[in-house]
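Student: need a 3D model of the sequence below.
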Amino acid sequence: MDMAPPLVSICIPTYNSARYIRETLDSIAAQTYKNVEVIISDNASSDNTLQILYEYAGRYGFKVLANETNIGALNNWNRLVEASRGEYVAIYHSDDVYNPNIVEESVRILKKYDDVAIVGTMAEIIDRDGELQGSYEFPACLRRPGDGIFSFDEVIVGILCTEGNTIFFTTPSLMVKRGVFIKSGPFDGRFHSAGDYEMWLRIATRHAVAIIDKKLMKYRVHENQGSEREVRQNIGIPDIVLVLQEYEKYIGSKRVRRLCNNYLQKKYLTVAVKQNRHRNYEKSSEALRLITSFKYSFLRQIIRMANALKVNLPKL
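Tutor: Presented below is the predicted three-dimensional model:
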């Protein structure tokens, strides 16, 4: 006799999401997997997002949480995890569109593999008007037949291979075992736009990761995305680099550790040049102190001299 299917908590954080939230919620309501609870936490929106959420709550029984003040994106995610009751928890985004079988496919993997604690998928990319712009592709260096189950070192390689539309974690596709979420602790606000990646790596240090190499959602790219704005405006060390710095010590393979270190060194160099070009010479010099690789010593000296003379470098 088949046991009852596990309850899945679909959690959706919102903030001024009125433009896209109906399409997102329609895609959630159309899921083929039915044993779900849908929890939406609105982060003090100033548009009519909340009105739309209550409309859908009345229609489908979705649970709506309304923050009186904006508590920040990651704190809102933490609130959703705390409010969830399901065995599995997915944090889906309020501007994306989900294929009808994404929950069903993700549950299949989590039920099949005891050691897997987190599962994600690939995605198509759409613009603000819903027009297809491309797709996110899984790193070819890790592609293999059958279900893709990966160790921590392989996760790091997948992240390091990210370039263009190649991606390892598509954050708004991820589903996690709730018990693992609770034991891992809350999302960490120190890592800002990469706070999600920090959580996934925190989990991956202790559990296997699964990636379904299918495009089971539509990821919307538009100018109002909070993480996109943070990345564009940041002239310091990128948040994802800070995360990799934090987790480099967990890498077991010497080869992967070398790959990670070389990646970090290149990023420090790029940041130092960028800060110099923004006339932030002191910060540029701080970034240079992180560069220890001999292969970059000549460039490091040039940038250090430019900072001392307050001369802007040309683009690399």
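
Student: for Arg128, grab phi and psi.
Tutor: Torsion angles at Arg128 (phi, psi; degrees, to the nearest 10) stand at phi -60, psi -20.

Student: leaving out the residues flanking it, which one is nearest to it?
Tutor: Excluding the flanking residues, the one nearest Arg128 by C-beta to C-beta, 6 or more residues apart in numbering is His222, at 3.9 Å. In this view, the C-beta of every residue, glycine as well, is placed from N, C-alpha and C.

Student: phi, psi of Ile237?
Tutor: For Ile237, the backbone dihedrals are phi -70, psi 130 (criterion: degrees, to the nearest 10).

Student: excluding chain neighbours, what is closest to it?
Tutor: Per C-beta to C-beta, 6+ apart, closest to Ile237 is Val271, 5.3 Å.

Student: also Ala90?
Tutor: Ala90 sits nearest to Met175 (C-beta to C-beta, 6+ apart), 4.2 Å away.

Student: over to the one you found: give its phi and psi.
Tutor: Residue torsions, per degrees, to the nearest 10, at Met175 are phi -130, psi 140.

Student: which residues does it bridge with?
Tutor: Ala90, Val119 (DSSP bridges).

Student: next, count neighbours for it.
Tutor: 27 (other C-beta atoms under 10 Å).

Student: residues touching it, list them.
Tutor: Neighbouring residues of Met175 by C-beta atoms under 8 Å, 6 or more residues apart in numbering: 8, 88-90, 103, 106-107, 110, 118-120.

Student: before we move on, the earlier item: could you give the mean pLDDT of the helix or strand in which the residue nearest to Ile237 is found?
Tutor: Using DSSP states H and E, Val271 sits within helix 254-277. Averaging pLDDT along helix 254-277 gives 94.

Student: which other residues reach whichever helix or strand comes after that helix?
Tutor: Later in the chain than helix 254-277, the nearest helix or strand by DSSP H and E is helix 281-288. Identification of contacts with helix 281-288 by C-beta under 8 Å, 6+ apart yields 235-237, 268-269, 271-273, 275-276, 300, 303-304, 307-308, 310.

Student: can you check what angle separates helix 281-288 from helix 254-277?
Tutor: 170 degrees (axes from the mean of the first three to the mean of the last three C-alpha atoms, to 10 degrees).

Student: please write out the alpha-carbon positions of helix 281-288 in PDB.
Tutor: Taking C-alpha atoms only, helix 281-288 is exported to PDB below (Å, rounded to 0.1, in the frame of the first residue of the first chain):
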ATOM      1  CA  TYR A 281      41.900  53.900  -4.300                       C
ATOM      2  CA  GLU A 282      42.000  52.800  -0.600                       C
ATOM      3  CA  LYS A 283      39.500  50.000  -1.200                       C
ATOM      4  CA  SER A 284      41.400  49.000  -4.400                       C
ATOM      5  CA  SER A 285      44.500  48.600  -2.300                       C
ATOM      6  CA  GLU A 286      42.600  46.500   0.300                       C
ATOM      7  CA  ALA A 287      41.500  44.200  -2.500                       C
ATOM      8  CA  LEU A 288      45.100  43.900  -3.700                       C
END
